[in-house]
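Generate a structure from the sequence data that follows.
(chains A, B and C)
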Amino acid sequence: MEPDDHSRFKWFALVVVGLVTLGLCPYFLPRFFTYLLALILVTGLVATSLNMALGFGGMYQFHHAVFYGIGAYAVSLMLIKSGLPIVICFVAAPVVSAILALLMGFICVRLSKLYFGMLQLSLGSLVWILVFRWYSFTGGDDGLHGVPVPSWISSVTGSYYFTLIVSVVSLIIMYIVLNSPFGRILQAIRDNSERSESVGIQVRRHQLVTQVIAGFFAGVSGMLFVTVEGSAFPDLLSWTLSLELLIMCLLGGWFTFFGPMLGAAIIVSLRTMVGAYTEYWTTVLAIILMLLIFFLPEGIIGFIETLFKRSHASPGEDL
Amino acid sequence: MDFLTTVTSSGLIQQFLVGLSRTTILFVVASGLSLVLGVLRIPNVAHGSLYMLGAFLCYSFATLFGKNPIGFWVAIVMAPLGVALISLAAERGLFCRLYDREHLMLLLFTFALMLLCRDIVKMIWGAEYRSLAPPVVLQGSLSILDLPFPKYNFFLLSIGPFVALALWFLTQRTKIGKIARAAAVDRDMVSAVGINVSWVFASVFVIGCFLAGLGGALVAPTQNIAQGMDHTIIMESFLIVIAGGLGNVWGALLGALIFGLTDSMGILVWPQFSIVFPYAIVVIVLIFRPKGLLRATW
Amino acid sequence: MRKIYPCLRFMSLIIGIFLLPGLVFAAGDIKIGIIDTYSGPPSSYGLDVLDGFKLALNKINSKGGVLGKKITFVTRDDKFKVDLGLTEAKELIMRENVNLLMGTINSAVSLAVSDLAKKEKIPFIVTYGKSSSITGSKGHKFVFSMNENTEMIGKAAAIGLAKRPFVNYWIAGDDYEYGHAIADAVWTHLKRIKPDVKLLGQSWWKLGEPDFTPYITSMLSAKPDAVIIATGGAGCIPFLKAAKNTGFNRKVPIYMHTATELSTLRPLGLDAPQGVIGTANYYFYYPETPENKAFVAEFQKAYNRYPSFGSLIGWYTANFIAKAYEKAGKVDSEKFAEALSGMTIDSPVGKLTVRQFDNQLMLPMFMGVTKKVPGYDFLIATDIVTIPAAEIMPSIDDIKKTRSKN
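Reported below is the predicted structural model:
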């Protein structure tokens, strides 16, 4: 085995190089790609938060987009209607999502697997239909546009940096949480909830906390979405978006931490690229998804990891 | 613009009847979904697309056989059969390789099929709305307590009990139904006894999809046949199946009744918020009985 | 660490692929980016606009284009989704470097893109979005509406309905922004013109409602003199179908905007109910002027079908764009916006002017009644009354008030 310090240093160096590159992006990339990167970060962040509950918590998070959309609506409504300082609005939005996650989670964690997912789906659609329907408050299906975000944040470069900083901080926090004792217990529950229960772990409480954390970071992404796009609309809470987020997790690899981010990057850029040439982008997505399920069920990063493990197990083969 | 509508008793009965005929469609579609979910454990998101496909096929067959009365009846039989055929191909070609996968994978796989179906429908039938008239016998309306009630809705009302009985007979009285129920509980056990589970599953899947197609064909004359008609029905069917109890045919009937009736009665009480009622009712049911009203099959 | 290498490699590959097409675009053309819904139920409207637009554009380009440049366009399908539409708008502005944006049938997308257009200072011409806030409370220098809006529909309907002897009304419609906006506009103006009208009740159904029978029976039990139906696009066809099946149209007079439009009546064929009162902005058979006949003939020759209102929108939008660039004298957003504001052109429905104050096109409205007429395999409008544009334009004072509120 290599010395642990060495590998840790390489890891650290790579992260720094990556961050510096990302930080310099607006200087050498055309404006559109800066925007697209911001969008990828936002989508990647919500997918990562979804994966916290899905891949690490083993919960069937079928309607995660609700927390994302509520975060976006919370920040937009506060900016438009309340006149509170912007910092308070930005902090309050994820909290609103977390509270919703707590309420929904409280009802859902009594169940597991498919039942959990289905229950979340029904609760989520009730929230969606309320947002969709409540014209006087949420603007109904037209949504809220031209949200007054100060221009130093909402400009293409400004929103990129804001998104970059917030999402990197959020990712670090999520990473720490997942590698803490709490995160390990969570994975133990995922792998075998009965056994965990029998050794005295409070399964439901851990799952509920995960729901709240995942909901909180989905709310953060919703808030970031508003800074990037300046709009909030009911599509952000739609069930289809939830399914697309699941695809991102699956594509990148849902047992890995960075998988959802990679999945989001691929899906968002493909959507923009393919969408520019054909109306049938969804066909492309469907075919990718089918191939993925048949041939790459662990996702791209999962697949690469398996390859590495195999070559490490029998190094003679590769040499 | 607030007001209170005075509800007449005849209006109430009308609304009730209408809610029932709406329930029929919801039940036909949801029972198929429930069957597939209960026995095969596939949360089939593409179920709504099959419903849409059924409606489009019904339109095409009806047009193909000249728009004479018989054409419609041929179409209403042929369309679900066509859907069943397509689903058979999908099951044998794709699904039967995926049964041991996670539910999540199956969900996403059917989502892929749903996306594909949407684009295929767009390629074949184009973007225009299609419209199909009910056969002459069922055109126009009967008068109930001075208010008109379309004849076609009576036809729908009469279909519901047939489907329910047929399903009950199928699951409780036939050999395939018994095997399917047993396989839903423990599929290894059933195959250990020497029964070819694979074909049982295929037939259940095809029957479920047939029902989606039937729902689509039945609904075709009452609405415009267009892309996007898969969207609401799939959400509603899922809610019905969840509220009724996964995999339970009677549960699907109960769920459809609750959903259809709260929807149509809600209009009388508070029209502006009537849409929220069915969703709220399902959530209330689930808060108290998280696994649905009736016992699930597994 | 191993996790990051492939990540980065993938990212750089994708970015590389992305940069490619951005480099290849013909310099010197005027480039228009069209965002509209080309899949799902509303796509037939978007395609009609596009066909009319292409027809006029080919003519303009074959005469040498504008300012010595050809006008080209690229389309993007927003799939009726706001997030997709926004991303596409940004892509068109920042990557395709379009000079002008056009679209879309979804009001929410229109409003979102309009906000972007304001920030980016790119003219945006709304073709089919009908929200009155596009040029009203949310209007700005760079946004133009080539379509009638909910406020205009309301005024036109109120003027037309006030002439009829109805007093007790029922209002029903699509439970989304468009439906409510129309209902509110009709009712406010009707009350203003004819203060003794009474509202017995309202019903709202969700978008894409499969079955209208429950609503119809509940409306009938209230026995109104007339019913105002506020549905758009997708809702009109099944509603008219249900009206015919229940005999609703024979029991109560129905008013519905777009009920007499070709896009609504053609798909219904002869199954449409007769006697429905409807407003529309264009009929290919009315007005019977040489200009209209020429346009219909030209369109039929190119596409082998009758032009709908959408086709007309596409047609005059292209002509407005060409003329505005000519007047501006160069390809410049500010100059273009100034030129288009207040501009007048000839069209099959007479002279059309973009109102200087809010960039809203002044469109006349026609009220007619559906009827079976030999020679057509669908119903057409008869007893057509023209309501001039000047009477239905939203009041400038009202717009000033709503704008100052924001």
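
I'd guessed residue C:89 sits against residue C:101; true?
Yes: counting by C-beta atoms under 8 Å, residue C:101 is a contact partner of residue C:89 at 6.2 Å. Quick note: C-beta positions are derived from backbone N, CA and C, even for glycine.

Need the residues touching each of those two.
C:33, C:35, C:113, C:117 (C-beta atoms under 8 Å, 6 or more residues apart in numbering or on different chains).

now those residues in CSV, with neighbour count, pLDDT and secondary structure?
Below are those laid out as CSV (neighbours: other C-beta atoms under 10 Å in any protein chain shown; pLDDT from 0 to 100; DSSP: H, G, I helix; E, B strand; the rest coil):
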residue, neighbour count, pLDDT, secondary structure
C:33, 24, 93, strand
C:35, 30, 93, strand
C:113, 35, 93, helix
C:117, 26, 92, helix
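
which of those residues come close to chain B?
The subset of these within reach of chain B, by C-beta under 8 Å from any C-beta of the partner chain, is empty.

so what does the helix or strand residue B:79 falls within touch, helix or strand wise?
Assigned by DSSP states H and E, residue B:79 falls within helix B:69-93. In terms of contacts (3 or more C-beta pairs under 8 Å, 6 or more residues apart in numbering or on different chains; DSSP states H and E), helix B:69-93 is packed against helix B:47-64, helix B:197-219.

Show me which positions of it end up buried.
Within helix B:69-93, the residues scored as buried using 16 or more other C-beta atoms under 10 Å in any protein chain shown are B:71-72, B:74-76, B:78-84, B:86-88, B:90-91.

Give me the contact list for that helix.
With contacts defined as C-beta under 8 Å, 6+ apart, helix B:69-93 is touched by B:50, B:53-55, B:57-65, B:113, B:132, B:134-137, B:201-202, B:205-214, B:216-218, B:220-221.

Up against chain A, what does the stretch 51-200 of chain B have?
Proximity of the stretch 51-200 of chain B to chain A, by C-beta under 8 Å from any C-beta, involves residues B:94, B:97-98, B:101, B:103-105, B:107-109, B:111-113, B:115-116, B:118-119.

OK, now which residue of the stretch 51-200 of chain B is nearest to chain C?
Nearest residue of the stretch 51-200 of chain B to chain C: residue B:127, at 3.8 Å (C-beta to the nearest C-beta).

so the spatially most central residue of chain C, which of the three states?
Centrality entry for chain C: nearest residue to the mean C-alpha point is residue C:128, 2.3 Å, by C-alpha atoms, centre = their mean. Of the three states, residue C:128 takes coil according to DSSP: H, G, I helix; E, B strand; the rest coil.

what do you get for the one 10 residues further on?
Of the three states, residue C:138 takes coil according to three-state DSSP.

I'd assumed residue C:115 was in contact with it.
Yes: with contact defined as C-beta under 8 Å, residue C:138 counts as touching residue C:115 (7.4 Å).

any residues in contact with both of the two?
A:145-146.

Which strand or helix spans residue C:108?
Secondary structure (DSSP H and E) places residue C:108 in helix C:107-120.

Centre of the chain to that helix, how far?
In terms of C-alpha atoms, centre = their mean, to the nearest Å, the centre of helix C:107-120 is set 16 Å apart from its chain centre.

so what secondary structure elements neighbour it?
So helix C:107-120, by 3+ C-beta pairs under 8 Å, 6+ apart, packs with strand A:144-145, helix C:82-94, strand C:100-103, strand C:124-126, strand C:143-145, helix C:177-193.

Can you show me the CA trace of the helix or strand following the longest one as CSV?
Next helix or strand after helix C:177-193 toward the C-terminus (DSSP H and E): strand C:198-205. What follows is strand C:198-205, C-alpha atoms only, in CSV (Å, rounded to 0.1, in the frame of the first residue of the first chain):
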residue,chain,number,x,y,z
LYS,C,198,-74.8,39.3,-12.3
LEU,C,199,-72.4,36.5,-11.7
LEU,C,200,-74.1,33.3,-10.6
GLY,C,201,-71.0,31.3,-10.1
GLN,C,202,-67.7,30.0,-11.4
SER,C,203,-66.1,26.6,-12.1
TRP,C,204,-62.4,26.0,-12.7
TRP,C,205,-60.9,22.8,-14.1
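
pLDDT of strand C:198-205, averaged?
Strand C:198-205 comes out with an average pLDDT of 82.

between that strand and helix C:177-193, how big is the angle?
170 degrees (axes from the mean of the first three to the mean of the last three C-alpha atoms, to 10 degrees).

What are the buried residues along strand C:198-205?
C:199-205.

same deal with stretch C:260-273?
Residues C:260-268, C:271-273 are the ones in stretch C:260-273 that count as buried (16+ other C-beta under 10 Å).

What average pLDDT does the helix or strand that residue A:126 is a member of get?
Residue A:126 is part of helix A:113-133, with elements assigned from DSSP H and E. For helix A:113-133, mean pLDDT rounds to 87.

Check which helices and strands that helix sits against.
By 3+ C-beta pairs under 8 Å, 6+ apart, helix A:113-133 packs against helix A:65-77, helix A:86-108, helix A:239-252, helix B:103-125, helix B:229-244, helix B:276-288.

is the third one anywhere near chain B?
Okay, so that is helix A:239-252. Yes: judged by C-beta under 8 Å from any C-beta, helix A:239-252 comes into contact with chain B at A:239, A:243, A:246-247, A:250.

Go through the helices and strands packed on helix C:107-120 and name the closest to residue A:188.
Counting by C-beta to C-beta, residue A:188 lies closest to helix C:82-94 out of those; the figure is 37.2 Å.

Report whether the closest one contacts chain B.
No: applying C-beta under 8 Å from any C-beta, one finds helix C:82-94 out of contact with chain B, separated by at least 14.0 Å.

Break down chain A into its strands, ranges please.
A:144-145, A:231-232 (DSSP state E).

Can you list the low-confidence ranges for chain A?
A:1-5, A:311-319 (pLDDT under 70).

which ones are touching the residue of it found nearest chain C?
Chain A approaches chain C most closely through residue A:32 (3.4 Å), counting by C-beta to the nearest C-beta. Contact partners of residue A:32, counting by C-beta under 8 Å, 6+ apart, are C:22, C:90-91, C:93-95.

circling back: make JSON lines out of the helices and strands packed on helix C:107-120 and add distance to residue C:151.
Conversion of the helices and strands packed on helix C:107-120 to JSON lines gives the following (distance: least, C-beta to C-beta, whole Å):
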{"stretch": "strand A:144-145", "distance to residue C:151": "18"}
{"stretch": "helix C:82-94", "distance to residue C:151": "22"}
{"stretch": "strand C:100-103", "distance to residue C:151": "21"}
{"stretch": "strand C:124-126", "distance to residue C:151": "14"}
{"stretch": "strand C:143-145", "distance to residue C:151": "11"}
{"stretch": "helix C:177-193", "distance to residue C:151": "5"}
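
Pipe the ones you listed into a markdown table and attach mean neighbour count per row.
Converted to a markdown table, those look like this (neighbours: other C-beta atoms under 10 Å in any protein chain shown):
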| stretch | mean neighbour count |
| --- | --- |
| strand A:144-145 | 24 |
| helix C:82-94 | 25 |
| strand C:100-103 | 28 |
| strand C:124-126 | 29 |
| strand C:143-145 | 28 |
| helix C:177-193 | 21 |
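
related to what we said a few turns ago, between the strands of chain A, which one is closest to residue A:103.
If you check each of these against residue A:103 by C-beta to C-beta, strand A:231-232 wins as the nearest, at 20.4 Å.

just checking: which of the buried residues of strand C:198-205 also lie near chain B?
Filtering the buried residues of strand C:198-205 for proximity to chain B by C-beta under 8 Å from any C-beta leaves C:199-205.

from those, which is closest to residue B:161?
After measuring those against residue B:161 - C-beta to C-beta - the closest member comes out as residue C:205, at 27.1 Å.

doesn't residue C:216 make contact with that closest one?
No: using C-beta under 8 Å, residue C:205 is not in contact with residue C:216; the gap is 10.5 Å.
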